[in-house]
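Build me a structure from this.
(2 chains)
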Number of protein chains: 2
Amino acid sequence: MRLSRYFLPILRETPKEAEIVSHRLMLRAGMIRQEAAGIYAWLPLGLRVLNKVSAIVREEQNRSGAIELLMPTIQSADLWRESGRYDAYGKEMLRIQDRHEREMLFGPTNEEMITEIFRGYVRSYKDLPLNLYHIQWKFRDEMRPRFGVMRSREFLMKDAYSFDLDQAGAVHSYNKMFVAYLRTFARLGLKAIPMRADTGPIGGNLSHEFIILASTGESEVFCHSDYLDYEIPPADTDFDDVSSLQGTVDKWTSLYAATSEMHDTAAFDGVPDDKKMSARGIEVGHIFYFGTKYSEPMGAKVMGPDGQERPVHMGSYGIGPSRLIAAIIEASHDENGIIWPESVAPFDVALLNLKVGDAGTDAASERLYRELSAAGCDVLYDDRDERPGGKFATADLIGVPWQVLIGPKSLAEGKVELKNRATGARELLSVDGVVSRLTAHK
Amino acid sequence: MRLSRYFLPILRETPKEAEIVSHRLMLRAGMIRQEAAGIYAWLPLGLRVLNKVSAIVREEQNRSGAIELLMPTIQSADLWRESGRYDAYGKEMLRIQDRHEREMLFGPTNEEMITEIFRGYVRSYKDLPLNLYHIQWKFRDEMRPRFGVMRSREFLMKDAYSFDLDQAGAVHSYNKMFVAYLRTFARLGLKAIPMRADTGPIGGNLSHEFIILASTGESEVFCHSDYLDYEIPPADTDFDDVSSLQGTVDKWTSLYAATSEMHDTAAFDGVPDDKKMSARGIEVGHIFYFGTKYSEPMGAKVMGPDGQERPVHMGSYGIGPSRLIAAIIEASHDENGIIWPESVAPFDVALLNLKVGDAGTDAASERLYRELSAAGCDVLYDDRDERPGGKFATADLIGVPWQVLIGPKSLAEGKVELKNRATGARELLSVDGVVSRLTAHK
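Presented below is the predicted three-dimensional model:
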């Protein structure tokens, strides 16, 4: 992408309304724009990151055997009356009347609707297990939306719903998601720790939050520091292997880890002092097993092998890609701007032509742009007629992992400069050398 | 994808509520499920098609130089008061009050919001031209939603908005979209004819609808039949070439073509009798140039080269991917089901193991599944223990372009059968032969 033809509205000044660093940086880098309280437009740079995060979430859901569909944003109130949540949900639900005065709502979550879909088609235990997910915009009418997309009203959520014949099957489905979540957060460059959690308005008996540690976190968390070095389950994990998956989950839940709501001081005292960790945390995922809480009142039943009909056991599993982006920035930035993990960076490389109009730098820049793009790199090519200082600042601010600086001085010696955004390390390489370095893993 | 692990809820009976063939087939093939009047969930098979259609729309938007962002679904009423459309829009707008009793709405279109974004950042003609688009769910509270996703209330729309300094620039932006639309519909397997159109509630002076011919079309259209054989602009079209693009648009608008609203009997009489075509048509895209209709009241101005500030000239350009899918089915089906163009098919190949449990067919099927998948084919592998008749019917109904039938009889001679869904042509090939045939273009 040529920056001269792109839409990247960088802000020079730090917006006053932004209280946390991710919100400030997302506004300054031209990733988002507020359209109403807690409602944001995703500008082109932000949308690129949102799509990359969503793609990783999707790949790991698919790997675990979950199947993607897409439910609508607007739901009928009657559906929520069946589960008894319509009145219980409170003011966070955005309630709507349509032109025929039918009561509708903007879905804050989808347990009811997915249960309705399931009961419409599935009759037999032979069609289980089943895990259906979607990635769709949700709305929760927060009293005080703030912190940008960290706590917005309209937000993107991946929510998966599992259906099993019995509790044992449901626990295996839960474990699949548990492992998929570990892999997802690791691929996003995050250290996430599963913590036993309160089940809240979703309900249920078994629940974990996945928490990343960040000084701006919303709540205090307590855990054993060994979790930080635990190995992530590999890509070729066999999600059908019940006992191996249970082993992984057991390992990841054997040491102490709790949010402040679930904190047990006595148990925490048992953690060796040099392993005690207490910090601020950001919730980036939440999984629930809630048995027949929705299937029972809504009549989602299947025939078992014994010929008996029974309500299915369900779980639900959420990750918010829009919120995750703020969490990634909270965990990865410096005084100059964002530092994207390569897996979710909006571009792989920023190409900075430091003297537009100079035949040499123009030719080298165009050649690099062409060759890197052809090799499958996402390149942002700063071809604007601007001073180098502004180009450096923009590239640092938007946090692209690699910068290639093409200036007349080094080019006179046949070299361009390759800069790593995270480490600041710089290296002089030939044009060919840069291409082979940056495309080695493509 | 193994069908035994997929969620493909085929309906045996034809749903009574469906009046048109696309609606019937989408329900029967397990593509969609109605969740409320005019509001649909996209089941896994339907979502695959929706994503493929959206990807083609996106590629052609990007090729023309448009830049993708993503605006939220919920908008503030105040924005629409600025343009004067809040009161004018009528009952099709879904109006909402949030918990603080602020007036909001579910966006039926985005002229106001994109103008707000533009004016927030762009100050100079040097940043023009600019074309920003998004692909987002919209809501229009139709009095009588019907025909499935053809006329639904919640629907997916790609809407692009162009910004130019003056009318000449805006016409070039219009022409870019015109050409992008021709390419988009052709890639979707549709013959779309641009017809001069009424501008309706969007307003403006120049507008074309893109219409495909189908006997179930919503309106009558009249045109010169030569359009059906016109060549589509190539992939390497230079979208910066103002006069060449104008030439293409002139060619595609030189012969008679009009919807019934714009029909001019006298002009139509001038078409040679053997070229006169009147038929039912389905609108699949609509483009508008409306000058300063929004930029003027909303103060979206840029500094021109003469140092004078002036409101920008705008256009908007819509395609509905969800509606397009119904249109494609209307144009491409037979008595057994859907016939997908290869570009948007949910799977490339359906692999039918006709005798699950037979060592030979199992081994050949598994091998084909592995090798075709590895070569980049999207394969739906019917590995269920069902009768061949049901497998044939399902494969025909869901309309995957190629079927591979693996039965013990032909396998005894080292062959499997390759069937083309569109033509019904069948051919006996070796397993290797099928792989090389189906992956030749991957």
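
tell me which residues in stretch A:3-17 are buried?
Using 16 or more other CB atoms under 10 Å in any protein chain shown as the test for burial, stretch A:3-17 gives A:Leu3, A:Tyr6, A:Phe7, A:Leu8, A:Pro9, A:Ile10. C-beta: built from backbone N, CA, C; applies to glycine.

can you tell me if the helix or strand hosting A:Asp87 touches chain B.
Secondary structure from DSSP states H and E places A:Asp87 in helix A:85-88. No - against chain B, helix A:85-88 shows no contacts by CB under 8 Å from any CB of the partner chain, the least distance being 14.2 Å.

Buried residues in that helix, which are they?
In helix A:85-88, counting by 16+ other CB under 10 Å, buried: A:Arg85, A:Tyr86.

Mind telling me what element the residue nearest to A:Lys355 when sequence neighbours are not counted is part of?
Spatial nearest neighbour of A:Lys355, excluding adjacent residues (CB to CB, 6 or more residues apart in numbering or on different chains): A:Thr361 at 4.7 Å. Using DSSP H and E, A:Thr361 maps to helix A:359-374.

tell me what that helix is packed against?
Packing partners of helix A:359-374 (3 or more CB pairs under 8 Å, 6 or more residues apart in numbering or on different chains; DSSP states H and E): strand A:349-353, strand A:379-382, strand A:402-406, helix A:408-412, helix A:431-438.

Report the inter-axis angle for the first one versus helix A:431-438.
This points to strand A:349-353. With axes from the mean of the first three to the mean of the last three CA atoms, to 10 degrees defining the directions, strand A:349-353 sits at 160 degrees from helix A:431-438.

how near is the spatially most central residue of chain A to chain B?
Computing the C-alpha centroid of chain A and ranking residues by CA atoms, centre = their mean puts A:Pro321 first, at 3.3 Å. Distance, A:Pro321 to chain B, by CB to the nearest CB, to the nearest Å: 12 Å.

returning to what we had before: pairing partners for the helix or strand that the helix holding A:Asp87 is followed by, with directions?
For helix A:85-88, the succeeding helix or strand toward the C-terminus, using DSSP H and E, is strand A:94-97. Partners of strand A:94-97 in the sheet, by DSSP bridges, are strand A:103-106 (antiparallel).

The next helix or strand after the partner strand near chain B at all?
Note on strand A:103-106: by DSSP H and E, the next helix or strand toward the C-terminus is helix A:111-121. Yes - counting by CB under 8 Å from any CB, contacts between helix A:111-121 and chain B involve A:Met113, A:Glu116, A:Ile117, A:Gly120, A:Tyr121.

which SSE is the residue nearest to A:Gly320 when sequence neighbours are not counted in?
Nearest non-adjacent residue to A:Gly320, counting by CB to CB, 6+ apart: A:Met157, 5.0 Å away. Using DSSP H and E, A:Met157 maps to strand A:154-164.

packing partners for that strand?
Strand A:154-164 packs on helix A:44-63, helix A:111-121, strand A:130-139, helix A:167-187, strand A:313-319, helix A:321-331, going by 3+ CB pairs under 8 Å, 6+ apart.

hey, C-alpha coordinates of the third one in PDB?
I take that to be strand A:130-139. These are the backbone C-alpha positions of strand A:130-139, laid out as PDB (Å, rounded to 0.1, in the frame of the first residue of the first chain):
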ATOM      1  CA  LEU A 130     -21.300 -30.000  18.200                       C
ATOM      2  CA  ASN A 131     -19.600 -26.700  18.800                       C
ATOM      3  CA  LEU A 132     -20.900 -23.700  16.800                       C
ATOM      4  CA  TYR A 133     -19.400 -20.300  16.900                       C
ATOM      5  CA  HIS A 134     -19.600 -16.900  15.200                       C
ATOM      6  CA  ILE A 135     -17.700 -13.700  15.200                       C
ATOM      7  CA  GLN A 136     -20.200 -10.900  15.300                       C
ATOM      8  CA  TRP A 137     -20.800  -7.400  16.700                       C
ATOM      9  CA  LYS A 138     -22.500  -7.300  20.100                       C
ATOM     10  CA  PHE A 139     -23.900  -4.400  22.000                       C
END
